[in-house]
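[1] sharing a model prediction with you, sequence too.
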Amino acid sequence: MSGTPPPAGGFVRRVGPFQATAINMSQMCGIGPFVTIPLMVAAFGGPQAVIGFVAGALLALADGLVWAELGAAMPGSGGSYVYLRQAFQYRTGRLMPFLFVWTAMLFIPLIMSTGVVGFVQYLGYLAPDMSRTTGDLVGLGMVALVVVLLWRGIEHIARITAVMWGVMITSVLLVIVAAATGFSAARAFTYPAHAFALSTGHFWVGFAAGLTIGIYDYLGYNTTAYMGAEIKDPGRTLPRSIIYSIVGIMAIYLLLQIGTLGVIDWKRMTDPGDIASTSVASAVMEETWGRGAADTVTVLILITAFASVFTGLLGGSRVPYDAARERVFFRPYAKLHPRHRFPTLGLATMGVITAIGFLIGRHTDLATLIQLLTTVMVIVQALAQVVALSVLRRRQPGLRRPYRMWLYPLPSFLALAGWLTIYGYADKNSPGRHPIEWSLAWVALGLVAFVVWARLEKVWPFGPKEVSEDYLTAPAPAPEAEPAGG
């Protein structure tokens, strides 16, 4: 049992409250709502699709409170890795953190790959004659540029992120204002027959699909938790950045969704031959303010998409670092850049997987790709982390908790129910693709990898369990302090 804070490995606490919230919001918004509004409408079969964004917001908020308590109590690099390691070490040693890193190395860059797919999709509005090969090359070039920009110190990245956050807000607000000028309440609030027939199985299948798309659009509220070792005053900044970003994005999404439905007939969004099915925000701008305004806002949306991939890889590349440093993942991932102090191999690996995921997404269905990455994430991270919060309250009651979940355990139960709904309906919403089977196969492969790794490292189940309650005895980090080695 250690009496000192877990070493930050050279990270510097330079990200403040505004920058932390901007990082989360940039990652949450990104290209997501601009490409998923048509998918949401198709899932529900009408403008009642707004239910999906509301349900996604409620799940994000419930799960965000889980992240807020865990992140404030254990502000280390790696996010879920740290929480699962602390909670499940008593019974299964290093199994759960190993499985998390195993799955995170796949689902985090796959989420980023959907952003690149959306980027190329909207670029097609400006260049309608762009060939598939050209689009593929553009997407790969975008991934390469993101990695190059991230190959620098965190203090420079924080400034770049703040600028990109401003562009994101501007693009979204322009679409919302434009939609308001051409808004038709009859178009937005006229629903097809049986739209709210809760007794039918069709409604609940559509609801589960919409919930999956909705939570995908909100993913990113936890980005700063992965950067806990780089956050100023994490006990206060982390919970606020999570909660503020969810509430802010929820308001933006509802205005965007309702405004879009008030300008573009929902049937156009489900027609593969209509520009509204691929570039709905551009269609709104063209319908209300003309082609010139549509082109301008499309450029801003492209920048927004770039920002979401940028911030996602920024936070995600930190995940394998802490695990590798504590010998729970491949050791080369524990190395930091000698000058700028960021995890080089983690960033490079996730960049490569993002590029591969982008190419897969270009040749398959975006909704199916979202289903696949979500099921992989749910089974190891989302469900396990809800359980971890309760386990830690029981196992480590003396853990310093600057923030405690409101109305505990109700948000935990809501988060658990939401994630189980998404997972349980995954196969029905992706017929013929079997995302549940693929997620179970990936976890099974991870279990085999863990057994091989544990045998080589001589840890549980081939050695003793190593219980390390570092955060239980560690003093709170100073708000402006830089860790040793910084």
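    Arrived safely, thanks for sending. In this text, all values refer to a predicted model and were calculated from it rather than measured experimentally.
[2] touching, Ala225 and Gly71? I think so.
    Yes - counting by CB atoms under 8 Å, Ala225 touches Gly71, with 4.0 Å between them. (Each C-beta comes from the backbone N, C-alpha and C, glycine too.)
[3] report the set of residues contacting both of the two.
    Common contact partners of Ala225 and Gly71 (CB atoms under 8 Å, 6 or more residues apart in numbering): Gly79, Leu238, Ile242.
[4] which of those residues lies closest to Val352?
    Gly79 (21.2 Å; CB to CB).
[5] so where's the stretch 101-250 of the chain shaky on pLDDT?
    Residues of the stretch 101-250 of the chain meeting the criterion pLDDT under 70: 153-161.
[6] neighbours around Glu469, how many?
    16 (other CB atoms under 10 Å).
[7] where's it relative to Leu389, distance?
    Distance, Glu469 to Leu389, by CB to CB, to the nearest Å: 16 Å.
[8] with Ser241 instead?
    Computed as CB to CB, the Ser241 to Leu389 distance reads 18 Å.
[9] those two: who's more crowded?
    For Ser241 and Leu389, the more surrounded residue by other CB under 10 Å is Ser241, and the numbers stand at 31 against 22.
[10] the more buried one looks like it's in a strand, true?
    No - membership of Ser241 in a strand is not supported by DSSP: H, G, I helix; E, B strand; the rest coil, which gives helix.
[11] ok, for it, nearest residue in space, not its chain neighbours?
    Spatial nearest neighbour of Ser241, excluding adjacent residues (CB to CB, 6 or more residues apart in numbering): Ala20 at 3.8 Å.
[12] secondary structure element for that neighbour?
    Using DSSP states H and E, Ala20 sits in helix 17-29.
[13] which residues does that helix contact?
    Contacts of helix 17-29 (CB under 8 Å, 6+ apart): 15, 158, 161-162, 164-165, 168-169, 172, 217-224, 227, 231-232, 236-238, 240-242, 244-246, 248-249, 252, 304, 307-308, 310-312, 314-315.
[14] now which of those residues would you call buried?
    Buried subset of those (neighbour count, 16 or more other CB atoms under 10 Å): 15, 158, 161, 164-165, 168-169, 172, 217-224, 227, 231-232, 237-238, 240-242, 244-246, 248-249, 252, 304, 307-308, 310-312, 314-315.
[15] buried residues in the lengthiest helix in the chain?
    Longest helix of the chain, by residue count under DSSP state H: helix 95-126. Neighbour-count burial for helix 95-126 flags 95-125 (criterion: 16+ other CB under 10 Å).
[16] return the residues in contact with Thr133.
    Applying CB under 8 Å, 6+ apart, no residues contact Thr133.
[17] actually Gly118, sorry about that
    Gly30, Ile31, Gly32, Phe34, Val35, Ala305, Leu366.
[18] tell me how many other residues surround the fourth one.
    Read it as Phe34. 29.
[19] can you pull the buried residues of whichever strand or helix holds it?
    Assigned by DSSP H and E, Phe34 belongs to helix 32-44. For helix 32-44, the neighbour count (16+ other CB under 10 Å) marks 32-44 as buried.
[20] so which pair among those residues is furthest apart in space?
    Phe34 and Phe44, at 17.9 Å, using CB to CB across these.
[21] tally of neighbours for the residue nearest to Gly424 when sequence neighbours are not counted?
    Sequence neighbours aside, Ala208 is the residue nearest to Gly424 in space, at 7.4 Å (criterion: CB to CB, 6+ apart). Neighbours of Ala208 under the rule other CB under 10 Å: 22.
[22] for Leu399, same thing?
    If you count neighbours by other CB under 10 Å, Leu399 ends up with 18.
[23] same deal with Leu447?
    Leu447: 14 neighbours (other CB under 10 Å).
[24] ok, and the closest non-adjacent residue to it?
    Closest residue to Leu447 apart from its sequence neighbours, by CB to CB, 6+ apart: Leu99 at 7.3 Å.
[25] and the buried residues of helix 32-44 as CSV, adding distance to Phe358?
    Formatted as CSV, those follow (distance: CB to CB, whole Å):
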residue, distance to Phe358
Gly32, 15
Pro33, 19
Phe34, 17
Val35, 13
Thr36, 17
Ile37, 21
Pro38, 20
Leu39, 18
Met40, 22
Val41, 24
Ala42, 22
Ala43, 23
Phe44, 28
